[in-house]
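> One predicted model, sequence on top.
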Amino acid sequence: MVHSPDPAESSGLLRARKILSLVPGISGDAVWWQDGRVRAVGPAAELERKVPTRVPRFDFPDSIVTPGFVDGHTHFGMWARGRKRVHLAGAGSREEAVRRVAAGALEQGWILGHGWDANRWQEPPDRWSLDQVTSAPSFFESIDIHAGWANSAALMAAGITSDTPDPPGGRIVRDASGGPTGLLLERATELISAIVPAPGAADLTAMVRESQAVAHRLGITGIHDVEGADVLRAFRTLEADGDLRLRVLFSPPVAQLPSLLSHGVRSGQGSEWLTLGGVKLFLDGSLGTRTAWMLEAYEDGRDAGMALSTEAEARQAVDQAASGGLACVVHAIGDAAVRRALTLLEVAPRVGLPHRIEHFQCVDAADMARAGRAGIVASMQPAHLPADVVLAEERWGRRTRGAFAFKSLLQRGTVVAFGSDVPVVPLDPRQGVVAAMTRVAGDGSFGEGWLPEERLTFDDVVRAFTEANAIAAGAADRRGTLVPGRDADLVAWGVEPAILENDASAFNEARVELTVVAGEVVYRRQ
């Protein structure tokens, strides 16, 4: 069934310090919504005289109300599953990571986890260190999901030996004798992930339902998800049960393109809760694994990263998708990958939703204005910046002038949409807000901001999490701003007023007081 909240449950009057409507001339300290839509924004005293007495009142006088935050890039199902797995994020050494694995080891079945980052480890991840603590097949995804760490039992289960060739777009890291070390890069990880037992449909649906409640507590009213058919089925089940309370734009992998074309589905089709986005394809890897594809070699001169597909393969996928009415969602981090993505998408037929480039992390100066001119969305993740600053300086050198270039892209008319890339970084949007406003590295370096000319104002950042994601989803006429007639998706943030003067430190301690989706209160802080 489709969820239809009772009119009394989908109406309300919220009194706050300020309503940030994002539309010039519409402001006040109160917002009134009726039957799931915004009716008015204005002075509380004035609206109080108009609003029927039966409409619920909410008073958060120290809050700032924004449109509901939308996370523009998630792996939500992976995150939902990962909340039940071994957590390796923040492990400062291989030894510490192995201790966590040992603590999470099971008597039977696979041991799975996520989050390791070996860039500062003295010893690389390998199968032998894992073999010391468990004989059960074990597999752990790196924090950026572009590498995997397996023990000998997992390699054996996948049939990976010294004779196994590197798959297209992937690499099996080997020892001096040619044997697999247990470290897998890019598409080589699929050799193991393909055989890992997946949770049953009911279990995955339950995990997604629980995780949805966490999203609401963080002020998130929608997500743009890039995953496979199992997660899509979970969202469909929630919607059929009347339990889906996130606006989901779902983009499946390009491997599903033939099926999508044969069924005649198009981007933008769906309901107000679950809509088909575009097809996701990869052009390169990541900075952390040195597989981001660059125009010139990394600063150490060893290589220029890794292109995960040929130009002909990528062009064929883009042409087939766009000709069939499907938008393209293209992963590109390095400046070479970004250039190829722009070249492909600039000439692709326009469809129901805009084409988009995910991450858009390092851009050559010659390419900075191209996305804005072509109407291509730059889907970016500011929460990556604090961790990537040091690596970018070390590996890209002078090319960092085009890294996380938020302000430069906005000045050139680009739609810059923000997300988290959860589970790579936490779903909590506060980290991304502060990173985009300050550009301070996670280790405290660049105290005045890394490339401070690229810092954004609070209003800019809110737009990137709200209005820009509505544009990317083809829903700008329904969501993304708080004006009469728009969907009542909104968040009341308990935050110091200094945030309105662009003091980003205030948002570190911001708390969500109220989250409303389609006029229905889905979270209220007790």
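Arrived safely. Numbers count the residues shown, from 1 in each chain.
> ok, Gly325 touching Leu257?
No: counting by Cβ atoms under 8 Å, Gly325 stays clear of Leu257, with 11.8 Å between them. Backbone N, C-alpha and C define where each C-beta goes, glycine included.
> ok, now which ones touch Tyr512?
That one is not Tyr; residue 512 is Val. For Val512, the contact set (Cβ atoms under 8 Å, 6 or more residues apart in numbering) comprises Arg217, Leu218, Gly219, Val491, Ala492, Trp493, Gly494, Tyr523, Arg525.
> Which of those fall within strands?
Val491, Ala492, Trp493, Gly494, Tyr523 (DSSP state E).
> closest to Ser251 among the residues you listed?
Taking Cβ to Cβ as the measure, Ser251 lies nearest Val491 of the ones in strands among the contacts of Val512, at 24.1 Å.
> Drop anything exposed from the contacts of Val512.
Arg217, Leu218, Gly219, Val491, Ala492, Trp493, Gly494, Tyr523 (16 or more other Cβ atoms under 10 Å).
> related to what we said a few turns ago, which one of the ones in strands among the contacts of Val512 sits closest to Gly442?
Of all the ones in strands among the contacts of Val512, Trp493 has the smallest distance to Gly442: 23.2 Å, by Cβ to Cβ.
> Rounded mean pLDDT for the strand or helix carrying Leu249, please.
Counting by DSSP states H and E, the element that carries Leu249 is strand 247-251. Computed over strand 247-251, the mean pLDDT rounds to 98.
> That strand pairs with which strands, parallel or anti?
In the sheet, strand 247-251 lines up against strand 220-226 (parallel), strand 274-276 (parallel) (DSSP bridges).
> Now do the last one: everything it contacts.
The set of residues external to strand 274-276 that reach it, using Cβ under 8 Å, 6+ apart, is 235-236, 239, 244, 247-251, 265-270, 473-475.
> next one: the helix or strand just after it to chain centre, how far?
Downstream of strand 274-276, the first helix or strand assigned by DSSP H and E is strand 278-282. Strand 278-282 has its C-alpha centroid displaced from the chain centroid by 14 Å (Cα atoms, centre = their mean, to the nearest Å).
> now stretch 17-30
Its chain's C-alpha centre and that of stretch 17-30 lie 27 Å apart, by Cα atoms, centre = their mean.
> what about that stretch, how long is it end to end?
8 Å (Cα to Cα, to the nearest Å).
> Show me which positions of it end up buried.
Arg17, Lys18, Ile19, Leu20, Ser21, Leu22, Ile26, Gly28, Asp29, Ala30.
> Please give me every residue in contact with the second one.
So that's Lys18. With Cβ under 8 Å, 6+ apart, Lys18 has these contacts: Ser27, Gly28, Asp29, Ile64, Val65, Leu500.
> Can you flag which of these belong to helices?
The members of these all map outside helices under DSSP state H.
> So which of these is the closest to Leu184?
When those are compared against Leu184 (criterion: Cβ to Cβ), the nearest one is Ile64, at 45.0 Å.
> What score does the closest one have for pLDDT?
According to the model, Ile64 carries a pLDDT of 98.
> My guess is it contacts Ser21. True?
No: between Ile64 and Ser21 there is no contact under Cβ under 8 Å: 11.4 Å.
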